[in-house]
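J.: what follows is a predicted structure for the sequence shown.
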Amino acid sequence: MCDASTSSSPSADSASDSGEGRPRSRVGIVGVCGAGKTSLASALCELGYEARQISQEHSYVHDLWRRFWTPNVLVYLDASDATVDRRLGSSSFPRLLERQRRRLRHAREHSAVYVRTDSMTKAQVLASVLQEISSPVQGSDEAEAAAPRPPARD
């Protein structure tokens, strides 16, 4: 099951696998409004990942991103105020984005992947994230065993 929505309810198939005996990669995506979370979650789902956009930026619960659904990897997408304004088609009010970044601090500290999306296309963001989540640290058997791998496609 893929849930690219902002739902934070537990997933019934959290133990599902790719059909090759290994758990499917569960990717949580957090970031400010307009950074590209929805687009990335949808693209990852199309590739067979279990991906969720987590609306941490709207929550006072500092670790909402891991409360009801624990991802294998947490991706943090960021964008400048000017980029957010351009993407959303209106002034986002700097105070609002400042508040969102404060609410996202815990998630940012725990994210495995950070991508600044200002000058990137959706395809470039996807490629950058895929490279990070499917490439283990060289020379580390433990990292290789723990690194999420792209799920098999049906």
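T.: Thanks, I have the structure now.

J.: what are the ranges of the helices in this protein?
T.: Here the chain has its helices, by DSSP state H, at 37-46, 81-88, 94-103, 105-110, 122-134, 141-146.

J.: got a list of contacts for the first one?
T.: Defining contact as C-beta atoms under 8 Å, 6 or more residues apart in numbering, one finds that helix 37-46 is touched by 2-4, 27, 29-31, 51-53, 75, 77, 122, 125-126, 129. C-betas here are computed from N, CA, C, even on glycine.

J.: try it again at 7 Å.
T.: By C-beta atoms under 7 Å, 6 or more residues apart in numbering, the residues outside helix 37-46 that reach it are 2, 4, 27, 29, 31, 51-53, 77, 122, 125-126, 129.

J.: again, but for stretch 109-129
T.: 35-36, 39-40, 43, 73-80, 83, 132-133.

J.: my read: Leu104 touches Gln56, true?
T.: Yes: with contact defined as C-beta atoms under 7 Å, Leu104 reaches Gln56; the gap is 5.6 Å.
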